[in-house]
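Q: Okay, sequence plus prediction incoming.
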Amino acid sequence: MIYLDAAATSAVRREVLEAMWPYLTGDFGNPSSHHAVGESAARALADARAVVASWLGCRASEVVFTSGGTEADNLAIKGVALATPRGRHIVTTPIEHEAVLASVEYLTRLHGFEATMVPVGEDGRVDPGAFAEALRPDTTLASVMLANNEVGTIQPVAELAALAHERGIPFHTDAVQAAGWLPLDVKALGVDALSVSGHKLGAPKGIGALFVRGRIPLEPVVHGGGQERGRRSGTENVAGAVALAAAVRLSSAAQEANAAAGREARDAFVAAVLREAPGARLTGHPSERLPASASFVFPGTNGEAVLLELERRGVVSSSGSACAAGSEDASHVLLALGYPEDLARTAVRFSWSPDVSAADLAAVAPAVADAVREVAALGR
Ligand code: PLP
């Protein structure tokens, strides 16, 4: 079996498991406890925070550990919007992850916010001119993801953040899919808040982090004992934070090499699928895209049926975002890119982790073509 659904999740890396193990067993303390067992956990948490901060190029005090990308997005959107007295208007895009879209929807439904969705082109890119036009004197927050989880398009985040800053508006980016593949220096990106998730990087599910610039007011979403400097209550997931730090260490050391290898393998894979699978079209931006992801539409098929055929051939992929699992709806991302609903339902996404080689991928292209032909022939 070849696993090409890394954008949904990846396996925990052995080194990561080894790093976190002591904090689940002997060193199991609560970092708030005033005894040696607690202090050891507190030290591990501080070390993990320092690693994440150095990865993101920020201060350790600007890192809030969360239960994952979803919570980081919720905290960024609700936390910044509700703490900023500037107004009640949010600017975002229709292709954000549900964690962002549903947080914005919550603010509009219950807190009197208005939202402007800046449209994207067929390649999934936000036009900076249209983004600038959407910003208003009462805009509290702008949020645009760094890379899309379905089509892989990378946004011009530094340019968009600069436009928001010219008007004094804080800028958040969801970097969950970009982590491990693109540099995430928050100063270079110019962002005020950035979300990451451990399980896309080789850490377990259930750990993530939000960077929030020190001077940005933040209203907590989870209330309680005041951990994480009052920004996220709850006994800290020490082993998870240690795991995230271990995954960050491993992936940042290899990021450039992984990205270069990923791009090369991706381009060969895309060319082979476009050549061999009848009618295949690549979705997203042709070049401004994640190194290890490629999604296609296969006209005349059904994405779910292609997935099943692929699985029979030993290839595991996805019809879009696993985070919207259970929904039978056509992808909101492809609809926002202008795909008609019937074509959007033919989408298949392939995404892989750095341990998948170019040769592994090359072997998949004929299976894709075969599966597409089979489904098209059966009229499914
Ligand atoms: N944001 C993006 C872009 C994602 O792809 C995902 C998950 O796939 C999330 C947020 C949610 O992260 P988590 O699964 O850690 O809650």
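A: Received, thanks. Residues are numbered from 1 along each chain as shown.
Q: And for Ser295, nearest residue in space, chain neighbours not counted?
A: Distance criterion CB to CB, 6 or more residues apart in numbering; nearest residue to Ser295, sequence neighbours excluded, is Arg349 at 4.0 Å. Every C-beta, even on glycine, is put in place using the N, C-alpha and C of the backbone.
Q: That neighbour looks like it's in a helix, true?
A: No. Read with DSSP: H, G, I helix; E, B strand; the rest coil, Arg349 is strand and lies in no helix.
Q: So it versus Val51, what's the distance?
A: Separation of Arg349 from Val51 (CB to CB, to the nearest Å) stands at 30 Å.
Q: Between these two, which is the more surrounded one?
A: A direct count of neighbours by other CB atoms under 10 Å for Arg349 and Val51 places Arg349 higher, at 27 against 20.
Q: Read off the pLDDT value for the more buried one.
A: pLDDT recorded at Arg349 is 97.
Q: what do you get for Arg86?
A: On the pLDDT scale, Arg86 is placed at 82.
Q: what's the answer for Ser327, then?
A: Ser327 carries a pLDDT value of 51.
Q: ok, now Ala99?
A: On pLDDT, Ala99 comes in at 98.
Q: got it, and Cys323?
A: 44.
Q: try Arg232
A: The score at Arg232 is 98. That number is its pLDDT.
Q: and stretch 216-236, how far apart are its ends?
A: One end of stretch 216-236 sits 23 Å from the other (CA to CA, to the nearest Å).
Q: oh sorry, the question was meant for stretch 275-293
A: Using CA to CA, the end-to-end distance of stretch 275-293 comes to 18 Å.
Q: Please shift the residue numbers so they start at 613 in all later answers.
A: Got it, first residue is 613 now, which makes that one stretch 887-905.
Q: Pro978: neighbour count?
A: By other CB under 10 Å, 14 other residues sit near Pro978.
Q: Now the phi/psi pair for it, please.
A: Main-chain dihedrals, Pro978, degrees, to the nearest 10: phi -60, psi -30.
Q: who touches the residue lying closest to it once chain neighbours are set aside in this structure?
A: Nearest residue to Pro978 in three dimensions, chain neighbours excluded: Glu888, at 6.3 Å (CB to CB, 6+ apart). Glu888 makes contact with 977-978, 980-981 under the criterion CB atoms under 8 Å, 6 or more residues apart in numbering.
Q: pLDDT value on Glu888, please?
A: pLDDT, Glu888: 96.
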